[in-house]
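> Got a sequence here, can you build the structure:
(one chain, ligands or ions: 1)
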Amino acid sequence: MASDILIVDDEADIRDLVAGILEDEGYNARTAGDSDSALAAIEQRRPHLVLLDIWLEGSRLDGLQLLDVIKQHHPDVQVVMISGHGNIETAVTAIHKGAYDFIEKPFKADRLVLVVERAIETLRLKREVKELKTFAPIAQHLVGSSPAMNQLRTSIDRVAPTNSRILLVGPSGAGKELTARMIHSQSTRANGPFVATNAVMITPERMETELFGVEGGDQRGRTVGALEEAHGGTLFLDEIADMPRETQSKILRVLVDQNFVRVGGTTRVHVDVRIISSTSRNLEAEIAAGRFREDLYHRLSVVPIRLPSLAERREDIPELIAYFMEQISQTTGLPKRTIGEDAMAVLQAHDWPGNVRQLRNNVERLLILAGGDSDATINASMLPQDVGALMPAMPNGHGSDQILRLPLRDAREMFEREYLAAQISRFSGNISRTAEFVGMERSALHRKLKTLGIG
Ligand SMILES: Nc1ncnc2c1ncn2[C@@H]1O[C@H](COP(=O)(O)OP(=O)(O)OP(=O)(O)O)[C@@H](O)[C@H]1O
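Numbering: from 1, shown residues only. The predicted model follows:
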């Protein structure tokens with residue numbers, strides 16, 4: 001998707017020339033001849049980059065004053081100054097005021113394109129850095145080689161380049177946001193922004209200002225909403241079932257009209273945004289209960305993709321654990337550990353209601369809390385209690401951590417031995433009463449005890 005560039009110059013031929021060059025390079029160019037039309041154009045939609053002439057004849061504000069206003073309200077917009085011969089000093093002042101760079105008139109097309117490319121790339125990197133600072137470490141790719149994961153990857157490869165709206169359906173922590181990011185990064189919008197909003201985290205009252213932004217009477221109190229922020233990129237609407245019905249209607253209108261009005265405003269903001277939404281609920285049931293708009297569902301769910309829970313792809317667990325251990329060890333400096341076969345069996349048998357997120361948290365906990373030498377293998381008894389509690393219990397409360405390591409025949413024998421020893425001691429060594437209770441013939445019990453080496 002093309003980046004949005006606003007060219008502000010009082011000379012019409014320069015505006016048209018620059019717009020022509022940038023459009024040939026695949027950018028989307030808008031133009032303005034003075035400060036007020038520039039501010040109106042920014043009001044229409046926040047651009048990614050402004051090319052701003054220092055000398056604006058017949059304009060209310062000159063280039064430097066306009067730069068101040070832009071930087072005050074939209075610090076993230078890149079500004080490149082166009083300076084005439086002889087006002088280089090002013091251009092340097094502009095850089096001190098926050099402009100990214102300047103080009104000197106007359107300039108060659110190559111120089112213009114190079115500076116613009118760099119400014120847009122810097123903007124992208126700034127966005128990435130901001131994201132890395134705000135979010136918990138995000139996986140760089142989908143880990144797992146199970147058939148379910150491979151199928152998901154195939155679906156992503158197919159839908160990513162198409163620009164269609166996608167609805168990701170799956171339980172919490174199964175990787176819906178990660179999948180949305182993968183789709184974005186494999187799409188033609190990969191260089192544009194990826195903006196995520198989560199209806200669970202935002203109060204219903206704030207939902208609309210988050211999505212649409214605010215347009216105050218004056219410049220103060222004005223904010224850019226997620227939709228405008230995502231122009232040229234992808235907007236991820238997480239947990240759409242939690243969106244208030246009123247907001248649902250407004251989103252529907254955005255999808256139909258391709259534009260919206262900011263809260264408290266009148267300007268129609270036109271955006272080009274791909275929407276990927278997600279839900280962990282059954283939306284059909286939400287529709288039947290009157291909580292979700294059916295027409296919105298059909299618009300959002302052009303391509304539905306289901307994400308399997310972790311319990312449906314347990315074979316991915318060892319690979320995920322290895323991946324998270326590497327990731328956590330790199331970011332925290334904690335040493336990686338070896339997971340014993342018995343512990344791995346327990347981890348694979350666990351149901352993981354919180355899915356991959358819960359598994360990741362447990363790997364982190366294990367690395368922090370598992371005692372012993374860092375070279376020592378982590379065995380089942382060292383697992384967090386809520387995970388280990390799922391191990392089949394042994395009658396004497398011991399040995400449960402070993403049982404999953406054994407083949408069925410040995411595990412059964414181990415269980416029988418512990419079970420019968422416990423029963424015999426319970427009946428104070430009385431074989432007849434034990435046999436009666438466990439439901440065996442006295443002679444059969446004797447034979448069994450002999451084979452097991454008891455008594
Ligand atoms: N297949 C995977 N490979 C590697 N990491 C994964 C995978 N799936 C999920 N994760 C990681 O698990 C965590 C949870 O994933 P994500 O936030 O995408 O889930 P979600 O389905 O959007 O959850 P929620 O609905 O609760 O927001 C993230 O840290 C993510 O990077």
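
> In the stretch 151-300 of the chain, which residue sits closest to the ligand?
Distances between the stretch 151-300 of the chain and the ligand by Cβ to the nearest ligand atom are smallest at G175, namely 2.7 Å. For every residue, glycine as well, the C-beta is placed using N, CA and C.

> May I have the phi/psi pair for the residue lying closest to R60 once chain neighbours are set aside?
Take R60 and drop its neighbours on the chain: the residue closest to it by Cβ to Cβ, 6 or more residues apart in numbering is S35, 5.2 Å away. When read as degrees, to the nearest 10, the backbone of S35 gives phi -60, psi -40.

> Same question for L383.
phi -70, psi 150.

> what's the spacing between it and I328?
16 Å (Cβ to Cβ, to the nearest Å).

> More neighbours: the two, which one.
L383 (25 against 19; other Cβ atoms under 10 Å).

> So what's the residue count around the residue nearest to R60?
Neighbours around S35, by other Cβ under 10 Å: 22.

> That one and D68 touch, don't they?
No - S35 lies out of contact with D68 (Cβ atoms under 8 Å); the separation is 10.8 Å.

> show me the contacts for V271.
R45, L227, E228, A230, H231, Q258, N259, F260 (Cβ atoms under 8 Å, 6 or more residues apart in numbering).

> Skipping its backbone neighbours, what lies nearest A190 in space?
Of all residues not flanking A190 in the chain, H184 sits nearest, at 6.6 Å (Cβ to Cβ, 6+ apart).

> isn't there a helix covering that neighbour?
Yes - per DSSP: H, G, I helix; E, B strand; the rest coil, H184 lies within a helix segment.

> could you point out which element follows the longest helix belonging to the chain?
Identified as the longest helix of the chain according to DSSP state H is helix 109-134. Sequence-wise, the next helix or strand downstream of helix 109-134 (DSSP states H and E) is helix 147-159.

> quick one on the thing from earlier: number of nearby residues for the residue of the stretch 151-300 of the chain closest to the ligand?
The burial count for G175: 24, using other Cβ under 10 Å.

> same question, the one 10 residues further on
Around S185 there are 16 other residues, counting by other Cβ under 10 Å.

> pLDDT at the residue nearest to A190, what is it?
pLDDT recorded at H184 is 95.

> any idea how far it is from K176?
13 Å.

> Kindly report the same for R189.
18 Å.

> same question, S145
20 Å.

> Of those two, give the one with the bigger neighbour count.
Set S145 next to K176 and count neighbours by other Cβ under 10 Å: K176 wins out with 25 against 12.

> center of this protein - which residue?
In the chain, the residue lying closest to the centroid (Cα atoms, centre = their mean) is E177, at 3.7 Å.

> name the element that one belongs to?
helix 176-185.

> same question, S278
strand 274-279.

> got the residues of the stretch 151-300 of the chain near the ligand?
G170, S172, G173, A174, G175, K176, E177, L178, D238, S280 (Cβ under 6 Å from any ligand atom).

> Please pull out the lowest mean pLDDT helix or strand from the protein.
helix 400-403 (a mean of 64; mean pLDDT, DSSP states H and E).

> So which elements touch the following helix or strand past it?
Next along the chain after helix 400-403, taking DSSP H and E as the criterion, comes helix 408-426. Secondary-structure packing of helix 408-426 (3 or more Cβ pairs under 8 Å, 6 or more residues apart in numbering; DSSP states H and E): helix 400-403, helix 431-438, helix 442-452.

> could you redo those as a markdown table and give each row mean neighbour count and distance to I14?
Below are these laid out as a markdown table (neighbours: other Cβ atoms under 10 Å; distance: least, Cβ to Cβ, whole Å):
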| stretch | mean neighbour count | distance to I14 |
| --- | --- | --- |
| helix 400-403 | 20 | 76 |
| helix 431-438 | 15 | 97 |
| helix 442-452 | 14 | 95 |
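
> how about the ones you listed, which one is nearest the ligand?
When the helices and strands packed on helix 408-426 are ranked by proximity to the ligand (Cβ to the nearest ligand atom), helix 400-403 comes first, at 27.0 Å.

> tell me the contacts of the residue lying closest to T93 once chain neighbours are set aside?
Leaving aside its sequence neighbours, T93 sits nearest to L64 (Cβ to Cβ, 6+ apart; 6.7 Å). Contacts for L64 (Cβ under 8 Å, 6+ apart) come out as I54, T90, T93, A94, K97.

> so is R189 in a helix, a strand, or just coil?
Quick answer, by three-state DSSP: R189 is coil.

> list the contacts for it?
Applying Cβ under 8 Å, 6+ apart, the residues near R189 are M1, G232, G233, T234, R274.

> Of the residues you listed, just the buried ones, ChimeraX syntax please.
Buried residues within those, by 16 or more other Cβ atoms under 10 Å, are selected in ChimeraX with:
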select :1,232,233,234,274
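
> Among the contacts of R189, name the ones in strands.
Within the contacts of R189, residues falling in strands by DSSP state E are T234, R274.
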